[in-house]
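> Here's a sequence, model it:
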Amino acid sequence: MTGISPPTVSLIVPTLERPDFLLRLIRFYQASRFTGKILIGDGGNISRVQQTKVALRHAAPGLDIGYWHFPGAGVAQVVRELSSEVSTPYVALVADDDFLVPSALEKCAAFLKNNSDYSAAHGSGILITLASTGAHGKIARCGYYPQPQREETSAAQRLVAHLGNYSVSLFSLHRIEIWRKMFSATKDVRDVSFGAELLPCCLSVVLGKTKQLDGLMLVRQAHSRRYHLPNVHDWITDEAWCPSYAIAYESLAKEISHQDCVSLNQARAEVKRGFSMYLQNIQKRRAAHNITLWRDRIRRIPSAPFIWRWAQRMMPGSEFSLPKLLNPSSPHHTDFLKIRDAITQSPDIII
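Numbering: from 1, shown residues only. Below is the predicted model of the structure:
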């Protein structure tokens, strides 16, 4: 990030046994001349960690990188531990297989500096798929990846709206004091879904407003080696679910009570309403998945591709299709090309 000194942004990167993706990410920030701090938390075995650290020194000699080994630790623990190491006013999470655009981070940092009632900000996001497996190859598809914009007046309103139309807020740039609150609440949470995503995401919108700014910021990759949360049946029947939900329920209710100056019982009712909507929407997303399967079958009908391409142009986020991003007239073209180059170029270091 040019023009910012001292650094104002830190990126927390949890990683586990994916050095190819991690090195791809670091090479991207080296090529982008990123001047923020990068904090890597590796949960892998010690021999692989040593190899990765050596490779990183060769791949990115100019970056400000800290590297910690947390053998066997989950994502929530890694992020919580690294949060205490952050020395900048703003922080964001970037998975080892994703990208956050430096110029967008700079824009978000400037916005947060001038808008004290916002806890987080982000640019637009996309989800990409490669034509081949792994960290490198040709990009086959791009699609819009929604993130929350919550500007309701009260904490309860923001939470209910968030859970009623859920999306992940962890890739937004956050104030460090907000971020630490988000993850300190996960200390005793044993369920991965609550600890690594759902509780911190909910606290993010409860603790302040979230703004979406213009410009491409997040690029996520769909692939076979992604970390997946369990399906809903396995989730709610696991023995860790009830105690983890109880922690999340009380944490959110107490924060809403404090933020909105309402009774704890009133706040609990709002949290309960929000989670009821969230669980109902999980079933709707399952139905949407079935629609996707039918859509793929319909595409095989001879005239269907023309109709489908027309429909895609009408959908929200249509500006983030692959042809649009590759067009020099796109406002996102320059940033997208830097990420495309990081993905398509063959690695010079292989672990």
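> for Phe320, what are its contacts?
Ser124, Ile126, Cys142, Gly143, Tyr144, Leu216, His332 (CB atoms under 8 Å, 6 or more residues apart in numbering). (C-beta placed from N, C-alpha, C; glycine too.)
> my bad, Ala185
Leu199, Pro200, Leu203, Ile247, Ala248, Ser251.
> Could you measure from it over to Trp241?
Taking CB to CB, to the nearest Å as the measure, Ala185 falls 17 Å from Trp241.
> Just the contacts of Ala185: which are in helices?
Leu199, Pro200, Leu203, Ile247, Ala248, Ser251 (DSSP state H).
> my guess is the first one meets Thr186, correct?
Yes: distance between Leu199 and Thr186: 5.6 Å, which falls inside the contact criterion (CB atoms under 8 Å).
> Compare the ones in helices among the contacts of Ala185 and tell me which is most surrounded.
Among the ones in helices among the contacts of Ala185, Pro200 has the most neighbours (other CB atoms under 10 Å), with 28 neighbours.
> Could you find the closest non-adjacent residue to it?
Closest residue to Pro200 apart from its sequence neighbours, by CB to CB, 6 or more residues apart in numbering: Met182 at 4.0 Å.
> what's the neighbour count on the one you found?
For Met182, the count of nearby residues is 26 (other CB under 10 Å).
> How about the secondary structure of the residue nearest to the spatial centre of the chain?
Centroid check for the chain by CA atoms, centre = their mean gives Phe171 as the closest residue, at 3.4 Å. Three-state call for Phe171 (DSSP: H, G, I helix; E, B strand; the rest coil): coil.
> in what helix or strand does Ile205 lie?
One correction, residue 205 is Val, not Ile. helix 199-206 (DSSP states H and E).
> Could you pull out the buried residues of the helix or strand that that helix is followed by?
Using DSSP H and E, the helix or strand that follows helix 199-206 in sequence is strand 209-222. For strand 209-222, a neighbour-count test (16 or more other CB atoms under 10 Å) marks Lys209, Thr210, Lys211, Gln212, Leu213, Gly215, Leu216, Met217, Leu218, Val219, Arg220, Gln221 as buried.
> What are the neighbouring residues in contact with Ser224?
By CB under 8 Å, 6+ apart, the residues touching Ser224 are Thr133.
> Could you do Ser32 as well?
Ser32 neighbours (CB under 8 Å, 6+ apart): Pro102, Lys338.
> Where does the prediction get shaky in this structure?
For the chain, applying pLDDT under 70 flags the ranges 1-5, 283-317, 347-351.
> Mind listing residues that contact stretch 61-75?
7, 14, 26, 29-30, 33-46, 49, 53, 56, 77-78, 81-82, 85, 192, 195-196, 227.
> Only the buried subset of those residues, as a PyMOL command please.
A single PyMOL command selects the buried members of the contacts of stretch 61-75 (16+ other CB under 10 Å):
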select buried, resi 7+14+26+29+30+34+35+36+37+38+39+40+41+42+43+44+49+56+77+78+81+82+192+195+196
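> re earlier: elements contacting the helix holding Val205?
Judged by 3 or more CB pairs under 8 Å, 6 or more residues apart in numbering; DSSP states H and E, helix 199-206 is in contact with strand 118-130, helix 155-164, helix 176-184, helix 241-260.
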